[in-house]
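> Need coordinates for the following:
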Amino acid sequence: MPTTRLLLSAALAALPCVATLAQSQGPVDPRTGLPTKQSRRDAFRQLDQELPTPTTYRTGSGAPGHEYWQQEADYLIDVTLDEATRRITGRERVTYHNHSPDRLEYLWLQLDLNLLRPDADGHVASSIESVDQLSYRQLGRTLARNAFDGGVEVTEVSDADGEALPFVINGTMMRIDLPKPLQSKASTAFHVAWNYQMNNADEVGARTAAEYFERDDNWIFELAHWFPRMAAYTDLNGWENKQFLGRGEFTLEFGDYEVRITVPADHIVAATGVLQNSDEVLAPVHRERLEQAAKSDRPVLIITPDEALANEKEKASNTKTWIFKGENVRDFAWASSRKFLWDAIKHTSHGRDVWCMSYWPNEGEPLWSRYSTQAVMHTLDVYSQYSFPYPYPVAISVNGPVGGMEYPMICFNGPRPEPDGTYSKRTKYGLISVIIHEVGHNYFPMIVNSDERQWTWMDEGLNTFMQFLAEQEWEGRYPSRRGEPHKIVDYMTSTEQVPIMTHSDSVLSLGPNAYAKPATALNILRETVMGRELFDHAFRTYSQRWMFKRPYPADLFRTMEDASAVDLDWFWRGWFYTTDHCDIALTNVQWFKQQPASPDDIAALAKAERDSRPTTVSERRFAAAKKRTAAFPELVDFYNRFDELDVTPRDRAAFSRAMAGLDEGQKKLRAFDHNLFVLSFENKGGLVMPIILDVEYADGSHEEVRIPAEIWRRNEERVNKLLIREKEIVRVVLDPHLETADVNLDNNEWPPRLRPSRFELFQSRRARRNPMQEARREGSRRSNGSPTNGGQGGDK
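Residues are numbered from 1 along each chain as shown. Reported below is the predicted structural model:
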């Protein structure tokens, strides 16, 4: 590396502060010749304009305010499953508590199953890119969806005394007009009766479905958003009554549930809450096994494979009613089938006893008995460590037609092995991961109750981040799909990208946008920007502040800063409000050393550098030419013998006078012999990020240099960083541990590394079809080798 020598002077004393050297060389106004005014955007501008103004309900610190409130809805529900017709019939009594300061003239309820009507907005407004190719299954399901009506038939809306109440159904929302306004701090009760047809998962997919098994003529039923549920009423938006279009999920209120579920007598039911009448619905042997499971250190089979196979043949004609109670939950889901195996264990997680259980058909063996309930327990252990102890008494995983959906205390998960019992690596880890993810949703949003309809990322992104932590603590080198920064780089440059802060129904690529990108952002915050200690405390503070409450994005952003004393507005802006990506280029490295201490040393160095200059081609070829001064020596004078680099007595005297005028501190600096390296960086992607360097020295040693993102605060396009080192730098690698989701590693090294691209040799093929040749070959095959045209040639 060429070295530039520095003359130490009063002006040079500021050199260690030249981290932004390039910024002084700004553009010039051609009219005036003066530097132009700044027109740069400010990546570090605070989010004051983007975030809502703090109130007594939500503070500027991100915590609930001293006047925070939220509504409450309690449910008493009777529901019946008719297996033969797949019809669900129910009646509920809802007690609604108005804790808001407002007077309410009407109530809004959600009828999410109306999405399954043929004329539903979410279905009619769906679009398709092309129909050039459709599989039989795609076409069949499209026709079935157009014909199927799985909407809700509301047969009664009445007050607590049975008097009819006027109501209006608008798509997936139902308004009940109250006879008189519901005052602040008051409650009201009303009844709703309804029924609907359950969808067959093979024909119409949804978050709720029935799965048919032709082998034994049985069904698995998984029921979600199956009853009219109160819409949320909030301090920020009033009634949260946006239509359910199929993507943005649910915004709900907490309450207490008592649900009485009537099903065929040989069915096993799994549900939100705690079973109240086990003596009536469970056989004595199953109750005994539950007692064993309460003391076991491994899951215990409550219903065995043989018992489930025997159950499949029963086809009971009578019914049983299972009664469940769930306290302080925002929703209720359940599953029912005679095919279920069932295992359970009473697991102690962070000082709390939780029944961890799984339900699955024999088609799930041997995968489910090995991994499902273990994954449930593992999820509670890890999530509780990073947020809060799991507060509910039950956590359940059910295998059925729904690939992955979450509800309080229960979730539906899809992966199964092949019919012969074998399974791929992808299936194994897919099952473990989906169970971790769906059980983890108990924390976000079932307890930290964010608005899923508006902000999918607030539960999916945070939960995917926590899923990544749980996966990494399952086993070494777990094949996590999301969380590592280098796995998001393709999406970060995608044309399908929109800001994370986009309404759920308007997101283009939901998986990368709402799951992977926010999860990756949080992982980068934890590992690179804040550090684990600060991040873990702040994230735990957010989780505990908003347990059983409804946070919005500003509450997360503000809490993470409030609990860490780290200004993160630049991070939220770049990662959540823009589509910028990280591409930081290491464009140059310059090496500086101080001039030698004496004039003689300076001259010797200068002469050595002059003498080391390569001889030019002209100098080499003219060297043997006859010179006039050789023929006429009188032409040689003083300047032919003078060396401008020679030191004169006057130079030495001036140097001595200068040294005599230095104080002791300045004399020490004159003896300073370290190397100064100026590293130049360019932000090509727009996203400001920390700069992490692996610096290699001439002696083979390495140093990791970590520079905070604030280095970009005065110029987010180009910066220089000064490194002062005793040793000589020979190599620098930017983002050596793939921490920042940098999309282009080719500009991350100095000196640049030549990377080979691989090419493949292949047998060339004919680029175009030859119809005549194909016809001749086909004719030859048909006539056992005789040409179809009687041996004549081709066309003439």
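
> pLDDT weak spots in this structure?
The model of the chain has pLDDT under 70 over residues 1-27, 36-40, 764-773, 776, 784-796.

> 50 - rerun?
9-24, 788-796 (pLDDT under 50).

> and K339, helix, strand or coil?
Secondary structure state of K339, per DSSP: H, G, I helix; E, B strand; the rest coil, is coil.

> could I get stretch 59-78 in CSV with only the CA atoms?
Taking Å, rounded to 0.1, in the frame of the first residue of the first chain, the C-alpha atoms of stretch 59-78 are listed here in CSV:
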residue,chain,number,x,y,z
THR,A,59,-47.5,7.8,27.4
GLY,A,60,-44.4,9.1,25.6
SER,A,61,-42.4,6.4,27.3
GLY,A,62,-44.3,3.7,25.5
ALA,A,63,-46.1,2.6,28.7
PRO,A,64,-49.9,2.5,29.3
GLY,A,65,-51.0,5.8,30.8
HIS,A,66,-52.6,6.3,34.2
GLU,A,67,-56.0,6.6,32.5
TYR,A,68,-55.5,3.6,30.2
TRP,A,69,-58.7,1.7,29.5
GLN,A,70,-60.0,-1.2,27.3
GLN,A,71,-63.3,-2.8,26.8
GLU,A,72,-64.3,-6.3,28.1
ALA,A,73,-66.7,-8.9,26.7
ASP,A,74,-67.8,-12.1,28.6
TYR,A,75,-69.4,-15.0,26.7
LEU,A,76,-71.7,-17.9,27.7
ILE,A,77,-72.0,-20.1,24.6
ASP,A,78,-73.9,-23.3,23.7
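
> Which residues belonging to that stretch are considered buried?
Buried residues in stretch 59-78, counting neighbours by 16 or more other Cβ atoms under 10 Å, are found at 59, 61-64, 68-78. All C-beta atoms are positioned from the backbone trio N, CA, C, and that covers glycine.

> try stretch 603-612
For stretch 603-612, the neighbour count (16+ other Cβ under 10 Å) marks A603 as buried.

> Can you name the two of the buried residues of stretch 59-78 that sit furthest apart?
Across these, the longest distance by Cβ to Cβ is 44.8 Å; it joins S61 and D78.

> Is the closest residue to E314 other than its chain neighbours part of a helix or strand, or is it coil?
Once flanking residues are discounted, E314 sits nearest to D266: 4.1 Å by Cβ to Cβ, 6 or more residues apart in numbering. Under three-state DSSP, the three-state class of D266 is coil.

> Might you report the residue contacts of D266?
N311, E314, K315, A316, R338 (Cβ atoms under 8 Å, 6 or more residues apart in numbering).

> Quick one: end-to-end distance for stretch 35-43.
Start to finish, the residues bounding stretch 35-43 are 22 Å apart (Cα to Cα, to the nearest Å).

> same check, this time on stretch 92-111
14 Å.

> Can you give me the buried ones in that stretch?
Those buried within stretch 92-111 under the rule 16+ other Cβ under 10 Å are 92-98, 100, 104, 107-111.

> And the residues you listed, which is closest to M560?
Nearest to M560 among the buried residues of stretch 92-111 is S100, at 27.8 Å by Cβ to Cβ.

> State the three-state secondary structure for that closest one.
S100 - assigned by three-state DSSP - is coil.

> May I have the phi/psi pair for the residue lying closest to it once chain neighbours are set aside?
Closest residue in space to S100, ignoring its immediate chain neighbours: W69 at 5.7 Å, by Cβ to Cβ, 6+ apart. When read as degrees, to the nearest 10, the backbone of W69 gives phi -140, psi 160.

> how near is W69 to D746?
Per Cβ to Cβ, to the nearest Å, W69 is found 55 Å from D746.

> May I have the phi/psi pair for the residue nearest to E314?
Dihedral angles (degrees, to the nearest 10) for D266: phi -90, psi 10.

> ditto for T59
phi -90, psi 170.

> again with H441
According to degrees, to the nearest 10, H441 has phi -60, psi -10.

> Verify the contact between it and T464 for me.
No. Counting by Cβ atoms under 8 Å, H441 stays clear of T464, with 10.3 Å between them.

> Name the residue in those two with the higher neighbour count.
The residue with more neighbours, out of H441 and T464, is T464; 29 against 25, by other Cβ atoms under 10 Å.

> Assign the nearest residue in space to that one that is not next to it in sequence to helix, strand or coil.
Leaving aside its sequence neighbours, T464 sits nearest to A519 (Cβ to Cβ, 6+ apart; 3.8 Å). Assigned with three-state DSSP, A519 falls in the helix class.

> Tell me the secondary structure at A470.
Assignment for A470 (three-state DSSP): helix.

> that older thread, out of the buried residues of stretch 92-111, who's nearest Q292?
Out of the buried residues of stretch 92-111, the member with the shortest distance to Q292 (by Cβ to Cβ) is E92, at 36.3 Å.

> Cool, thanks, talk later.
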